[in-house]
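In: starting from these lines, generate the structure:
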Amino acid sequence: MAWIAIQTARGLAHVHPEDDLIEHELDPDANCICGPYTEFVPGAPDGSNSWIITHHSLDGRELTE
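Out: Predicted coordinates for the structure are as follows:
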């Protein structure tokens, strides 16, 4: 089972499970059913800051990885 990391906007990236039981919502204005957590990532080389939104799987793959 794999995870996908994509940048959806400048300074905003999502990490979500591939082929999960649901399609994860990557729109920042919508709420994904998995209850993702958001992590602030300070200090890119260009001085900007970023956010990583990590989604939880609904098939339980975190328990075996």
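In: alpha carbons only for contacts and neighbour counts from here, please
Out: Fine.
In: excluding its backbone neighbours, what's nearest Gly43?
Out: Counting by Cα to Cα, 6 or more residues apart in numbering, the nearest residue to Gly43 once its immediate chain neighbours are dropped is Asn49, at 5.5 Å.
In: spit out the contact partners of that neighbour.
Out: 11, 40-43 (Cα atoms under 8 Å, 6 or more residues apart in numbering).
In: what mean pLDDT does stretch 19-34 have?
Out: Averaged over stretch 19-34, pLDDT sits at 89.
In: pull the residues that contact that stretch.
Out: With Cα under 8 Å, 6+ apart as the test, stretch 19-34 has contacts from 1, 8, 14, 16, 55-59.
In: can you tell me which of those end up in strands?
Out: Counting by DSSP state E, those place 8, 14, 16 in strands.
In: now the last one: closest residue in space that isn't a chain neighbour?
Out: What it means is His16. Distances taken as Cα to Cα, 6+ apart put His55 closest to His16, at 4.9 Å, once the chain neighbours are dropped.
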